[in-house]
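Trainee: Got a predicted structure plus its sequence, pasted below:
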Amino acid sequence: MKALNWTGLTLAAVLLWGCGSEGGRGGDRITLTGSSTIAPLVEAAAEHYEADRPGVRIDVQRGGSSRGITDAAKGLNDIGMTSRALKPEEESGLNQHVVALDGIAFVVHASNPVSGLTRQQAKDIFTGAVTRWSEVGGGDAPIVVVNRPEGRSELDLVSDYFGLSPADMKADVVGGENQQAVKLVAGNADAIVYLSLGTASFESGAGTPLRLLDLEGVPATPDAVARGDYVLGRPLVLVIGASVSPAAQAFLDHLMSPGLDTLIAEQGFVVPPR
């Protein structure tokens, strides 16, 4: 390096800056990966944040909660997004910050007359013990079960709620991200899926033909999550490693500030206690 002239040093610096920028770990480029539930909230916040800071670029990548946690542990992102709390075995070297509260709702097409399920009824549907809607108070039609893939927090939390392993859950169709799950149910009057309560509430309010089912007699609403009455409530969490860039820390501070409260509510989520 000492033998380089000024032009060589300048070129080397540019190349090194470019590599850091492309990798998303350094400078004012901030990379978040993980939960598709949190991603729309972060994207909306990032749009306004970037507009006020022309030098900042925020890259939001989905892939599921497991990816967000793993990437944070390996230093492959600046901030991980996970729609569940970290498990004890995942906590080493990581710090978690609750950005919002959400729930997991069982969701059907708006034309489905079923208004609610018990825990046992939902378990029977997703294990194949119940296969027709007439068995749970609906019409005489086969139930089309939409399950969620491995790596999604919804699968882990619902299977745990049922007292099952994820492998025990049955499916006619597998829906990946929340938006894919929404489309599968909105397009099939006999389908059922479980997904983010906030996302489902937002979509239903926007006119998508969805019905969020009561669970054990409790409505699947953000208010029920806020009161702690809804059993399948969960935190939405941002995860960072031991080392975080100043730019990433500044954006994390923004995401955790009261200035985001209105956006959190607009997305169908619940503002956490501050």
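Mentor: Alright, I've got the coordinates.

Trainee: mind checking pLDDT for the nearest residue to residue 93 once chain neighbours are set aside?
Mentor: Excluding the flanking residues, the one nearest residue 93 by Cβ to Cβ, 6 or more residues apart in numbering is residue 242, at 5.6 Å. Any C-beta I mention is one placed from the backbone N, CA and C, and that applies to glycine too. We have a pLDDT of 87 for residue 242.

Trainee: got it, and the one 10 residues further on?
Mentor: According to the per-residue confidence, residue 252 scores 97 in pLDDT.

Trainee: Please apply the same query to the one 3 residues further on.
Mentor: Model confidence at residue 255, expressed as pLDDT, equals 97.

Trainee: burial of it, as a residue count?
Mentor: Using other Cβ atoms under 10 Å, residue 255 has 23 neighbouring residues.

Trainee: what does residue 142 give?
Mentor: Other residues within reach of residue 142 by the criterion other Cβ under 10 Å amount to 11.

Trainee: pLDDT weak spots in the stretch 1-150 of the chain?
Mentor: Scanning the stretch 1-150 of the chain for pLDDT under 70 picks out 1-27.

Trainee: now the helices for it?
Mentor: 6-23, 39-51, 65-74, 119-127 (DSSP state H, counting those that start in this stretch).

Trainee: Going along the chain, name the helices of the stretch 151-274 of the chain.
Mentor: 153-162, 178-186, 197-205, 222-227, 246-255, 261-266.

Trainee: got JSON lines for these, with distance to residue 120 too?
Mentor: What follows is those, written out as JSON lines (distance: least, Cβ to Cβ, whole Å):
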{"stretch": "helix 153-162", "distance to residue 120": "9"}
{"stretch": "helix 178-186", "distance to residue 120": "22"}
{"stretch": "helix 197-205", "distance to residue 120": "20"}
{"stretch": "helix 222-227", "distance to residue 120": "20"}
{"stretch": "helix 246-255", "distance to residue 120": "38"}
{"stretch": "helix 261-266", "distance to residue 120": "33"}
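
Trainee: Of all those, which one comes closest to residue 49?
Mentor: Closest to residue 49 of these, according to Cβ to Cβ: helix 246-255, at 5.9 Å.

Trainee: what's the closest one packed up against?
Mentor: If you count contacts as 3 or more Cβ pairs under 8 Å, 6 or more residues apart in numbering; DSSP states H and E, helix 246-255 packs onto strand 29-34, helix 39-51, strand 79-82, strand 95-109, strand 233-240.

Trainee: which of these is buried the deepest?
Mentor: strand 79-82 (a mean of 29; mean count of other Cβ atoms under 10 Å).

Trainee: closest to residue 143 out of the helices of the stretch 151-274 of the chain?
Mentor: It is, among these and with distance given as Cβ to Cβ, helix 178-186, at 11.7 Å.

Trainee: list the buried ones in that closest one?
Mentor: Residues 178, 179, 180, 181, 182, 184, 185, 186 are the ones in helix 178-186 that count as buried (16 or more other Cβ atoms under 10 Å).

Trainee: Please apply the same query to stretch 56-67.
Mentor: For stretch 56-67, the neighbour count (16+ other Cβ under 10 Å) marks 56, 57, 58, 60, 61, 62, 63, 64, 65, 66, 67 as buried.

Trainee: what residues are up against the last one?
Mentor: Think residue 67. Neighbouring residues of residue 67 by Cβ atoms under 8 Å, 6 or more residues apart in numbering: 33, 34, 80, 151.

Trainee: Kindly reformat those residues as JSON lines containing distance to residue 191.
Mentor: Output for the contacts of residue 67, formatted as JSON lines (distance: Cβ to Cβ, whole Å):
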{"residue": "33", "distance to residue 191": "29"}
{"residue": "34", "distance to residue 191": "26"}
{"residue": "80", "distance to residue 191": "31"}
{"residue": "151", "distance to residue 191": "22"}
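
Trainee: Show me which of those residues is closest to residue 199.
Mentor: Out of those, the member with the shortest distance to residue 199 (by Cβ to Cβ) is residue 34, at 15.0 Å.
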